[in-house]
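[1] With the sequence up front, the predicted model follows.
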Amino acid sequence: MASPLEFLKNKAKDVAAAGLNKLPDRGNLFLRYMTGLGDRNLDLDDSTLSGLRDSTVGLPSELREERVHGPTGATWDEAKPGPWAHVPQSGAINPYGRGYGTDVTHTLGRFMSKVNPAKTFINLKDTYDMVNEVEDPDLVSGKFQPIKALGSLHGAVKNINFNSGLKGFYPEEVARAGMYLSPWKPKPYEVNIDVPYSGDINNREVYNR
């Protein structure tokens, strides 16, 4: 049985998780990373899960390998989907440059997909961190770096068009500035979700923890 102090800590984490779940998913996932809360009581929006599921869709493997479709032998261009049947795929998913939007690229980004044999659900799995070939390794170093933070803040606001609201504002650069100023290393965490193979998500997803 948990001690009273442990009970209060767990309740505080539950309250924090519920609060983060009310934020846009990109902010929810990022703040869980920075605070160490991880996947505790994680709940992503149906629209995000639907976008992630859509990004797993491609040609059946036998056509994808040949890079052709139909009797004409036309080359398959993944960036310009055609009328052929696309199906969810297992394997590494890289949605960048394929038009899936920030619901996908600013949440999990690249991730792993696994379609179960019965085709009733698709497992989406990723280690959430900000470590990849395009990010500055100093982001997650835990070192206080005010010069780089100022550079990120400048990048966040330099293209703002005040005549069009906040168009041109990049909140992700504000997040990077916060990381450069953070005195601790963020803790990566696993995101592991089963989503329905087809149809509306409708809160039918399962979070594997």
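    Everything's here; your move.

[2] max-length helix in the protein?
    helix 4-21 (DSSP state H).

[3] now for that one, which elements pack on it?
    helix 25-35 (3 or more CB pairs under 8 Å, 6 or more residues apart in numbering; DSSP states H and E). In short, each C-beta sits where N, CA and C put it, glycine included.

[4] Can you name the residues in contact with the helix it packs on?
    For helix 25-35, the external contacting residues (CB atoms under 8 Å, 6 or more residues apart in numbering) are 16-17, 20-21, 23, 37-40, 42, 44-45, 48, 102-103, 106-108, 128-130, 172, 175, 178-179, 182, 186-189, 191.

[5] pLDDT weak spots in this protein?
    1, 59-85 (pLDDT under 70).

[6] ranges for the helices of it?
    Counting by DSSP H, the helices of the chain are 4-21, 25-35, 46-54, 61-66, 102-105, 146-157, 171-181.

[7] Narrow the contacts of helix 25-35 to just the buried residues.
    16-17, 20, 37-40, 42, 44, 48, 103, 106-108, 128, 130, 175, 178-179, 182, 186, 189, 191 (16 or more other CB atoms under 10 Å).

[8] picking up where we left off before, show residues contacting the longest helix of the chain.
    With CB under 8 Å, 6+ apart, helix 4-21 has contacts from Ala2, Gly27, Asn28, Leu31, Arg32, Thr35, Leu37, Arg40, Asn41, Leu42, Asp43.

[9] residues of that helix that come out buried?
    Result for helix 4-21 [16+ other CB under 10 Å]: buried residues Lys13, Ala16, Ala17, Leu20.

[10] got the CA positions of it in PDB?
    Taking only C-alpha atoms (Å, rounded to 0.1, in the frame of the first residue of the first chain), the coordinates of helix 4-21 have been written out as PDB:
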ATOM      1  CA  PRO A   4       0.400   9.100   2.100                       C
ATOM      2  CA  LEU A   5       3.200  11.000   0.500                       C
ATOM      3  CA  GLU A   6       3.400   8.600  -2.400                       C
ATOM      4  CA  PHE A   7      -0.400   8.800  -2.800                       C
ATOM      5  CA  LEU A   8      -0.200  12.600  -3.000                       C
ATOM      6  CA  LYS A   9       2.600  12.500  -5.500                       C
ATOM      7  CA  ASN A  10       0.600  10.100  -7.700                       C
ATOM      8  CA  LYS A  11      -2.500  12.300  -7.500                       C
ATOM      9  CA  ALA A  12      -0.400  15.400  -8.400                       C
ATOM     10  CA  LYS A  13       0.900  13.500 -11.500                       C
ATOM     11  CA  ASP A  14      -2.600  12.500 -12.400                       C
ATOM     12  CA  VAL A  15      -3.800  16.100 -12.200                       C
ATOM     13  CA  ALA A  16      -0.800  17.300 -14.200                       C
ATOM     14  CA  ALA A  17      -1.500  14.600 -16.900                       C
ATOM     15  CA  ALA A  18      -5.100  15.600 -17.200                       C
ATOM     16  CA  GLY A  19      -4.200  19.200 -17.600                       C
ATOM     17  CA  LEU A  20      -1.600  18.400 -20.300                       C
ATOM     18  CA  ASN A  21      -4.200  16.300 -22.200                       C
END
